[in-house]
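A.B. asks: quick one: sequence and predicted model below, then my questions.
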Amino acid sequence: MKLQVRVIEARNLPAMDLNGFSDPYVRLQLGKHKSRTKVVKKNLNPKWGDDFTFRVDDLKDELVVSVLDEDKYFNDDFVGQVRVPVSQVFDAENQSLGSVWYPLLPKKKGSKKDCGEILLGICFSQKNSVLDLNSIGDHVSVASRSSDLGMEISADLSSCASPCRSEDAASSSKDSQKSLAGRIAQIFQKNADSVVATPAQSISRSVDASEPSSEMSRSIFSLELSEDESSPASFEEVMKAMESRDQGNEPPGNLPGGVLVDQLFMITPSDLNVVLFGPDSSFYASLTELQGTTEVQIGPWKLENEGESVKRVVSYLKAPTKIIKAVKGTEEQAYLKADGEVYSVLAVVSTPDVPFGSTFKVEVLYCISPGPELPSGEQCSRLVISWRLNFLQSTMMKGMIENGARQGLKDSFEQYATLLAQNVKPVDSKDIGVNKEQALSSLQAEPQSDWKLAVQYFANFTVFSTFLIGVYVFVHIMLSLPSAIQGLEFSGLDLPDSVGEFVVSGVLVLQCERVLQLISRFMQARKQKGSDHGIKAHGDGWLLTVALIEGVDLAAVDPSGHCDPYIVFTSNGKTRTSSIKFQKSNPHWNEIFEFDAMADPPSVLNVEVYDFDGPFDEAVSLGHAEINFVRSNISDLADVWVPLQGKLAQACQSKLHLRIFLDHTGGGDVVRDYLTKMEKEVGKKINVRSPQTNSAFQKLFGLPQEEFLINDFTCHLKRKMPLQGRLFLSARTVGFYASLFGNKTKFFFLWEDIEDIQVLPPTLASMGSPIVVMTLRPGRGMDARVGAKTHDEEGRLKFHFHSFVSFNVAQKTIMALWKAKSLTPEQKVQAVEEESEQKLQSEESGSFLGIDDVRFSEVYSLTLPVPVSFFMELFGGGDVDRKAMERAGCQSYSCSPWESEKADVYERQTYYRDKRISRYRGEVTSTQQKSLVPDKNGWLVEEVMTLHGVPLGDYFNLHLRYQMEEVTSKAKTTYVRVYFGIEWLKSSRHQKRVTKNILVNLQDRLKMVFGFLEKEYSSRQQQQVA
């Protein structure tokens, strides 16, 4: 037996968040089975409409329905709970409780707290029970809506819906049993032996919908009427209906999973909405064709909930990938906002056929809003697409699912953005470049009168009450006669003569102290008075200019319901402070701040908002934000709204309006000047990379145009298994990229994020190479955690890099760039003096070509009279493996054990000194991966080799592919094919010469290894015979 539950809606839920709302969702549990609904943001009367099915193992179990409030940073808050015994549902008429409002009970028994109500539809579904949850999902009476309709029923007995009791029809339950539908339901529910229903049986009967007691019309036509209620209309009519209803609502914020697309297009928001979601748009058809999606079915847009929402359903068959087969997906799209200027569409994607697909849903939010004003006067639109995963059930594979979904969505929406740019003209960054002088000239700080501010600041209860008390005491002193000296008093000392006088004296002292503190704070604030505003920057270099325009919805921490905010900007260790705005939660500053020219380009700008006169003497933080220049386009910061972080700021949804400009005022060649400075710190010549190289580097990591590559090194990233890749160093970032057997790993973090860099001595696990360990500051670089080896309790990520081709050069470059960003000027001078005696060396450095697919060619093939199982001992790590490598001239051979990467795929690392691959006898590190061939009659071994200590060794990687298959026509015989390819990391005029040299030596090595393997097998066979 299965229990079907529909969670319809809730009402009158208590507010659990500071903003006066809740983010409710429902968690259901029956025995060991758990499930949950989606989260409805900022709603005290949420509607879900989600269906769940639970297997019933014991009728003594209880269905526990809990309503919780989602909290982003802390544990979710408990709202209320309902417990429904399964036996109650089983004993009910027709084994259904219908749609009933249940009061939510608090966690503590006996508490009288009102937790609201929840509407649930609960019933049993057996093999011969055809109960349809859609018939109980609509708790509104259907008979009234169908009173004018004449209906002809043609229903299959095996698929008609059995009647369910609802709250509105409880009084007519006896009459419903007398109706045809009631009798049919009773027959099926009680399993009567006298009636046998077959799929071929059908009935046709005219039903008068005007009969109020026709329970059959209620149950059977509940689905049809609900569909008719949300009847499709033209897209233009749907949008006009939404625009007429949706006025003044705030657009939803980006989902926490991250932003997939953020682009500007030369089109109005309404036209872009039609291109993306219009039923007649050709864009979606082109996208499905590009991505190989088939069996696409697009439903019409429908008005639901009396026109309050617009939804449609899209289903399709997603094209297969290298990892996942073709899967069917269902996408429920709903408009959250459509007012003619801003459009927000939430798409909830379900893919139950993928592994663990029933435990999560992917939510994608499309936001279309007006773009910035262009100099040409044309209107543009901004498209922002964000995502998140909504887990319906807890699973141990949560991390793996998130990483897989993130990579899949990123690749898919890269194609989406590229295709959209081909159909709609994107806005060129040059077209939106705001003239700095023109943008700043319009800002004028409001003149502030000291007297006006003083009246505004001191007009509060504390000052007013103190003034009245002071006047009252002064009049009392004037009217009173001098008192006689008594007790311990003497001339000049008048002590309180009673407890009442003592209390009054204490109150007067405290009130005067508070007033004096207010006066002191006011004088300090006026002394500050935005002293940094309007001061021009000095020097040549990177000039950062910040225009502070206004703040919106800043948190009120004063008892008066206002705050006295001021803002501190920090970049590259330098700070600028704004003026203080008294008693304002929506202040206007219009102040301009310039940072003195910096030699190094800034990476981040930290913004901190404080309340000058908080409830305590010290300043209270109202929120903070970080503006990352590496991840942002400078042109986008010319006019930007920055949301503030922090508990107070997020509760009030505080924002700042800023205009930020970053220019280089030094003239000349910025890159060349920076590299010249770094050469003195590194002690080595650094060549300027070509524009093509810098462009490829920027595109690889998604960096802005002003970021330039300084150097790159081949190395291994140590995680669970060493990963061979390339480390890229620029003025502000450390990046790593690897592409091994089609799996790409890519991340970067800032130099400022690094707290410490250590060099560990060589170990066997590091292939005899020193290890560079980079430790990030707590909570920093979380976007790069995919490459971290460890993550400690304080939130520090640690990255391990080893097996550099030129370790000394790599270490010096890394330390020099880190010190340039993290050390004080005095420490930098000391570091330069220590290394100034070293001579500059020149290094031939080719241009980085990027990672391209390696082209393989067959270089060796033969048939060996050995079985495949014995041939694989060549890669087993045992005596055969070691002897074969020694026979081939490999010295100091070592290898790690095979470890499972995924199903039927294993990986290991090897290290040796070799004179066969190259006559220079350099060191070789390699990564090997083995897997079964599709028909399971052989193995495929792929190997990526890196040469160390040979000329141009860091210019290329060697790729080998061994394919061993058992010969079916001849027992104990293996057919071997060896493929060879070179992955060039840098261009060189010696490519042909290097390739020829390696290929000749490789073929000689293969002959020796396979010859030894054949002799070894023959000797073993002879020993067994003897």
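C.D. replies: Yep, that arrived.

A.B. asks: helix, strand, or coil at residue 1003?
C.D. replies: State at residue 1003, reduced to three classes by DSSP: H, G, I helix; E, B strand; the rest coil: helix.

A.B. asks: distance of it from residue 1009?
C.D. replies: To residue 1009, residue 1003 is 11 Å away according to C-beta to C-beta, to the nearest Å. Any C-beta I mention is one placed from the backbone N, CA and C, and that applies to glycine too.

A.B. asks: middle-most residue in the protein, spatially?
C.D. replies: For the chain, residue 257 is the residue whose C-alpha lies nearest the centre (C-alpha atoms, centre = their mean; 2.3 Å).

A.B. asks: surely it touches residue 390?
C.D. replies: No - judged on C-beta atoms under 8 Å, residue 257 makes no contact with residue 390 at a distance of 9.8 Å.

A.B. asks: show me which residues of stretch 578-593 are buried.
C.D. replies: 578-585, 587, 589-593 (16 or more other C-beta atoms under 10 Å).

A.B. asks: how about stretch 381-398?
C.D. replies: Per 16+ other C-beta under 10 Å, stretch 381-398 contains these buried residues: 381, 382, 383, 384, 385, 386, 387, 388, 389, 390, 392.

A.B. asks: could you do stretch 970-988 as well?
C.D. replies: Using 16+ other C-beta under 10 Å as the test for burial, stretch 970-988 gives 973-976, 978-986, 988.

A.B. asks: for those, which one is nearest residue 789?
C.D. replies: For these, the minimum distance to residue 789 (C-beta to C-beta) is 24.0 Å, reached by residue 985.

A.B. asks: what pLDDT does the closest one get?
C.D. replies: Residue 985 is assigned 79 on the pLDDT scale.

A.B. asks: how far away is residue 264 from residue 346?
C.D. replies: For residue 264, the distance to residue 346 under the criterion C-beta to C-beta works out to 22 Å.

A.B. asks: what do you get for residue 21?
C.D. replies: Separation of residue 21 from residue 346 (C-beta to C-beta): 18 Å.

A.B. asks: more neighbours: the two, which one.
C.D. replies: Set side by side, residue 21 and residue 346 show more neighbours around residue 346, with 19 against 16, by other C-beta atoms under 10 Å.

A.B. asks: kindly state the beta-bridge partners for the more buried one.
C.D. replies: With DSSP bridges applied, the residues forming beta bridges to residue 346 are residue 334, residue 365.

A.B. asks: that one reaches residue 365, doesn't it?
C.D. replies: Yes - between residue 346 and residue 365 there is a contact at 5.4 Å, judged by C-beta under 8 Å.

A.B. asks: which neighbours do those two share?
C.D. replies: Listed contacts common to residue 346 and residue 365 are 252, 336; contacts here mean C-beta atoms under 8 Å, 6 or more residues apart in numbering.

A.B. asks: in the stretch 201-350 of the chain, what residue spans correspond to helices?
C.D. replies: 215-220, 222-229, 235-245, 269-277, 283-291 (DSSP state H, counting those that start in this stretch).

A.B. asks: okay, now the residue lying closest to residue 55 once chain neighbours are set aside: neighbour count?
C.D. replies: Take residue 55 and drop its neighbours on the chain: the residue closest to it by C-beta to C-beta, 6 or more residues apart in numbering is residue 2, 5.7 Å away. By the criterion of other C-beta under 10 Å, residue 2 has 13 neighbours.

A.B. asks: again with residue 476
C.D. replies: Using other C-beta under 10 Å, residue 476 has 9 neighbouring residues.

A.B. asks: could you pull up phi and psi at it?
C.D. replies: Phi and psi for residue 476, reported as degrees, to the nearest 10, are phi -60, psi -40.

A.B. asks: report pLDDT for it.
C.D. replies: Confidence at residue 476, expressed as pLDDT, is 82.

A.B. asks: what's the answer for the one 3 residues further on, then?
C.D. replies: The score at residue 479 is 82. That number is its pLDDT.

A.B. asks: shaky segments in the stretch 851-1000 of the chain?
C.D. replies: Counting by pLDDT under 70, the stretch 851-1000 of the chain contains low-confidence ranges at 851-853, 915-921.

A.B. asks: quick one: the strands in it, in order.
C.D. replies: 857-864, 890-895, 899-902, 905-914, 923-932, 938-948, 956-966, 974-984 (DSSP state E, counting those that start in this stretch).

A.B. asks: these: which one's closest to residue 419?
C.D. replies: If you check each of the strands of the stretch 851-1000 of the chain against residue 419 by C-beta to C-beta, strand 974-984 wins as the nearest, at 29.8 Å.

A.B. asks: ok, back up a step: what's the spacing between the residue nearest to residue 55 and residue 95?
C.D. replies: To residue 95, residue 2 is 11 Å away according to C-beta to C-beta.
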